[in-house]
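1. Fold the following for me, if possible:
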Amino acid sequence: MKKLILLSFLAFSFNLTAQEVACEDLLEYVVDEGYNKASVNSYSLINSEWLRSVKAYDLQGKTFVVAEIKKNNSYLAKKYIFCGVPSSNWNAFYSGLYDLRTPYGERFHKYIMDYECNCY
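-> Now for the predicted structure:
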């Protein structure tokens with residue numbers, strides 16, 4: 001099974017347009033095999049209406065972002081994965097260097113949201 005996931009992941013990483021891997025499988029693979037670069041925890045996001053946590057992983061020289069997004073302003077959340085996020089985008093989101101007074105939610109939309117993985 002792990003080989004199937006790896007093959008699907010590798011096919012995905014070469015930008016094939018077909019949806020060839022399940023998002024949950026990709027997410028599990030990235031979390032298990034990737035290097036955790038940095039994260040924004042729930043304490044830092046306490047004022048966010050929709051973000052619970054955001055973590056960046058490095059895998060094969062690419063940045064993947066796993067975000068827990070709250071459902072309807074509740075405590076329940078779902079994990080989403082974002083692929084091929086440029087390091088400069090992650091750094092801008094994480095540090096807020098270019099947007100010092102901008103909340104994490106707005107920075108997430110600006111720097112991360114457009115990189116949602118093409119998975120099913």
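
2. Partner strands of the host helix or strand of Asp58 and their direction?
-> Using DSSP states H and E, Asp58 sits in strand 51-59. Partners of strand 51-59 in the sheet, by DSSP bridges, are strand 35-40 (antiparallel), strand 62-70 (antiparallel).

3. I'd like those laid out as JSON lines, including distance to Ala92.
-> Every C-beta, even on glycine, is put in place using the N, C-alpha and C of the backbone. Shown next, in JSON lines, are those (distance: least, Cβ to Cβ, whole Å):
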{"stretch": "strand 35-40", "distance to Ala92": "13"}
{"stretch": "strand 62-70", "distance to Ala92": "12"}
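
4. Need those in TSV (columns: distance to Cys117 and mean neighbour count).
-> Output for the strands paired with strand 51-59, formatted as TSV (distance: least, Cβ to Cβ, whole Å; neighbours: other Cβ atoms under 10 Å):
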stretch	distance to Cys117	mean neighbour count
strand 35-40	17	14
strand 62-70	8	20
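
5. and the ones you listed as TSV, adding mean pLDDT and distance to Glu24?
-> Formatted as TSV, the strands paired with strand 51-59 follow (pLDDT from 0 to 100; distance: least, Cβ to Cβ, whole Å):
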stretch	mean pLDDT	distance to Glu24
strand 35-40	96	19
strand 62-70	96	11
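
6. Thank you, goodbye.
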